[in-house]
Each structure stands twice: as C-alpha cells, then as structure tokens.
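Trainee: just a sequence and a predicted model for now, questions to come.
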Amino acid sequence: MKVAVTGATGFVGGALVRALLDDGHEVVGVKRPSSTQPTLQHPNLTWATADVTDPASLRGLFDGADWLIHAAGMLGQAGLPESDYLKLHEQGTNNVLMEATKADVGRILYVSSPGVLGPISGPPADETAPLAPSNPYERSKAAAEMVAQVHATAGLPVVIARPEFIYGPTDLHVLGLFKAVRDGRFFTIDGGKYYCHPTFIDDAVTGMLLALRNGRSGQTYHITGPKPVTFRELGQTIAAALDVPPPKLNLPRWLAWLGAAGLEIGLGLIKKQPPLSRTGVAFFSEDRRFSWQKAHEELGYTPQFDLEQGVAETVAWYRENELV
C-alpha cells in the first residue's frame, strides 16, 4: 500500500510513519515548509513539503495513495489566537480532504482528540457523548471533526480516531512534566484527585492503524490507555521510574489559576511560553476519562501498556538520550 501521512515530522505522525514502514508500506511523509530536514530516512519513504492551510501546495500530493492519515496539527499554546487553531485544524482538514477526494484515496484517517468532549464529570465517556470543547484547541478540533463528517456524508471514506494524552519515547512535549517531577517542581491541584487518561505511543499507533484498516466510514473511535489514573498516581509513577521522592507540593485550584494567569501576562510581554498556562491548570484540575470499548469491539483494539510499563520505557529513552 502507498500511504500519505501529514504531520509526519511530529511525535505521533513520525511514530505512524515508522510503523507503516515496518509493515512494508510505501510512505509519503508530508512536512511543513518550516520543518527542519527529517532524520528519518528509508528506501520506502519519500518526503514531500506542503502546508495544509495552502490548498495549492497540496495539489497532486495524494495521487496514487491507497491510504491517507491526516495527523497534522498543533497542541495548545498560551496566547495563540483561536483563529490560528481554526485555520490549521478546520480549514487545513477541509483542504486535505478536498485534495483526497480529487485523488480518490481509498481510506482516510483523521487524527482528532477526545478533548473535543471537554471535561468529563460522570463515567468514562464513549463516542456518543456530545461535543463540548472548553478551550480554543478543543474547539478547533471539534470543528475539524465536523468537516470530516461532512466529507464522510458526501461519500469520502474517512474515519476519525481520538487518541488521548499520548506519551512515550521520542516525545518532547511531556518531557517538561518528567523533569518537573525529577526536580521536585511538580505539584498537584486539589490533592491530585482529578483523572487523566494516558496512552502509550505504541498503543496509540496500534489503535489508529486498526481504525484506518477496519474502521467504518464516518465513525469515531477512542484510542486510549487501559484505564484513567489520577494526577497524583501519574506523578508518583513517574517519580518511581526516575527513582526520586514522590511529589509533595499541592496547590488549591484558585491559586494555581492565579499564578498561571500572572505567568501568561508576564512572559507574554517578552513573547515567551509560560511553564504553566490557565489551560494547563484546567487540564490538571478536570476529569477526562474515556471508554475504548467501541474500538475493542469493532477494531480488535486492546491497549497493552499500563502506566507503570509505559512510563518506565519513556524514562529509559529519556535517559538513553540524556534528557533526564
């Protein structure tokens, strides 16, 4: 199979590319014009440069592709206008799917996020839960999902995967979290009682590729780790893997929120990203729990890495690369 992958230089996109190459596929990795030269090279890998927000740059890019994975995107950043998220996620997704329609691509996977459901106050949410995004990033991903559904209704074979809180070797986004635990700077909010749902990268890739191969067009699938964990448990597990004392610092939500607001304002004046934003405080002080049963029943997905194993492998890679 020939597979095109947007966002191929990112943590998730790169992992998908490597897995596809290992499975013997021919891969076209799409990178942004501003990206540095990728280090990954393979006889079956061709790099192409395009900007998903520029339809002209995508012209002909997916011709001959059997499958397409649209993984291009960006995570939340303090101070970024909501229009920037919408341009990349909503408009960019429409541009990619319009070009895929012209190229008559056989199967398409859009990589979204369970964050489109917002905070979860009850039992783990399944795919029938209503969209309730709570920040600019989530709203833009929800808008992109709606674009994908419009194309699916029109007959395009597009499936939506929602991997949640992905971590693992090669990921530099959560490296700061591991360093904060190592240095004793990590703190919980309201006792760390809130739930998150970490997903090890190998599980995420397995689930997304199952959705690409076996998912039903127009359907959405949650791809998550085995179970949600509290932030207290997350910090303790990371500390144990790093062989450092478990985190002891704790702040009430109002104080963390106030501090994050001050950091955003102060560092925003000198164009620097704060170590903690108000969106980050919300992430650490809201429950996000999701059910992966639909993916299990329809795709055959079963996560294999519990938190302890996944964190241990992540720490081993960070140490091997002298990052922690």
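Mentor: Sure, I can see it.
Trainee: in this structure, which helix is the longest?
Mentor: The longest helix of the chain (DSSP state H) is helix 136-153.
Trainee: tell me which element the residue nearest to residue 53 when sequence neighbours are not counted falls in.
Mentor: Nearest in space to residue 53, with sequence neighbours left out and distances taken as CB to CB, 6 or more residues apart in numbering, is residue 92 at 5.0 Å. All C-beta spots, glycine's among them, are computed from the backbone N, C-alpha and C. In this assignment (DSSP states H and E), residue 92 forms part of helix 92-103.
Trainee: next secondary structure after the helix or strand of the chain with the lowest mean pLDDT?
Mentor: The weakest-scoring helix or strand in the chain, judged by mean pLDDT, DSSP states H and E, is helix 253-268 (a mean of 77). From helix 253-268 onward toward the C-terminus, using DSSP H and E, the following helix or strand is helix 278-284.
Trainee: packing partners for that following helix?
Mentor: strand 187-189, helix 253-268 (3 or more CB pairs under 8 Å, 6 or more residues apart in numbering; DSSP states H and E).
Trainee: which residues are in contact with the last one?
Mentor: By that I understand helix 253-268. The contact list for helix 253-268 (CB atoms under 8 Å, 6 or more residues apart in numbering) reads 78-79, 187, 189-190, 251, 273-278, 280-281, 284-285.
Trainee: please pick the buried ones from those.
Mentor: Neighbour counting by 16 or more other CB atoms under 10 Å classes 78, 187, 189, 251, 274, 276-278, 280-281, 284-285 among these as buried.
Trainee: which one of these is nearest to residue 296?
Mentor: residue 284 (28.3 Å; CB to CB).
Trainee: just checking, the closest one touches residue 195?
Mentor: No - Residue 284 is beyond contact range of residue 195, at 10.7 Å (criterion: CB atoms under 8 Å).
Trainee: any shared contact partners between those two?
Mentor: What both residue 284 and residue 195 touch, as defined by CB under 8 Å, 6+ apart, is the set residue 231.
Trainee: quick one: contacts for the residue nearest to residue 53?
Mentor: Contacts for residue 92 (CB under 8 Å, 6+ apart) come out as 52-53, 72-73, 144.
Trainee: can you tell me which helices and strands the longest helix of the chain packs against?
Mentor: Short answer (3+ CB pairs under 8 Å, 6+ apart): helix 136-153 packs on helix 82-86, helix 92-103, strand 107-111, strand 158-163.
Trainee: and the least confident helix or strand of the chain, how far from the chain's centre?
Mentor: Its chain's C-alpha centre and that of helix 253-268 lie 25 Å apart, by CA atoms, centre = their mean, to the nearest Å.
Trainee: could you dump it to PDB, C-alpha only?
Mentor: Output of helix 253-268 as PDB, limited to C-alpha atoms (Å, rounded to 0.1, in the frame of the first residue of the first chain):
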ATOM      1  CA  ARG A 253      -7.100  25.400  42.100                       C
ATOM      2  CA  TRP A 254      -7.700  29.100  42.600                       C
ATOM      3  CA  LEU A 255      -4.100  29.800  43.500                       C
ATOM      4  CA  ALA A 256      -2.700  27.700  40.600                       C
ATOM      5  CA  TRP A 257      -5.100  29.600  38.200                       C
ATOM      6  CA  LEU A 258      -4.000  33.000  39.600                       C
ATOM      7  CA  GLY A 259      -0.300  32.000  39.200                       C
ATOM      8  CA  ALA A 260      -0.800  30.800  35.700                       C
ATOM      9  CA  ALA A 261      -2.600  34.000  34.700                       C
ATOM     10  CA  GLY A 262       0.300  36.000  36.100                       C
ATOM     11  CA  LEU A 263       2.900  33.900  34.200                       C
ATOM     12  CA  GLU A 264       0.900  34.200  30.900                       C
ATOM     13  CA  ILE A 265       0.800  38.000  31.200                       C
ATOM     14  CA  GLY A 266       4.300  38.500  32.400                       C
ATOM     15  CA  LEU A 267       6.000  36.100  29.900                       C
ATOM     16  CA  GLY A 268       3.600  37.200  27.100                       C
END
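Trainee: buried residues in that helix?
Mentor: Within helix 253-268, the residues that count as buried by 16+ other CB under 10 Å are 256-257, 260, 263-264, 267.
Trainee: contact partners of stretch 51-68?
Mentor: 1-6, 28, 30, 32-33, 48-50, 70, 72, 87-88, 91-93, 95-96, 98-100, 102-103, 105-109, 212.
Trainee: do a quick rundown of the strands in this protein.
Mentor: 2-6, 26-31, 45-49, 67-70, 107-111, 158-163, 166-167, 187-189, 195-196, 199-200, 220-223, 229-230, 249-251 (DSSP state E).
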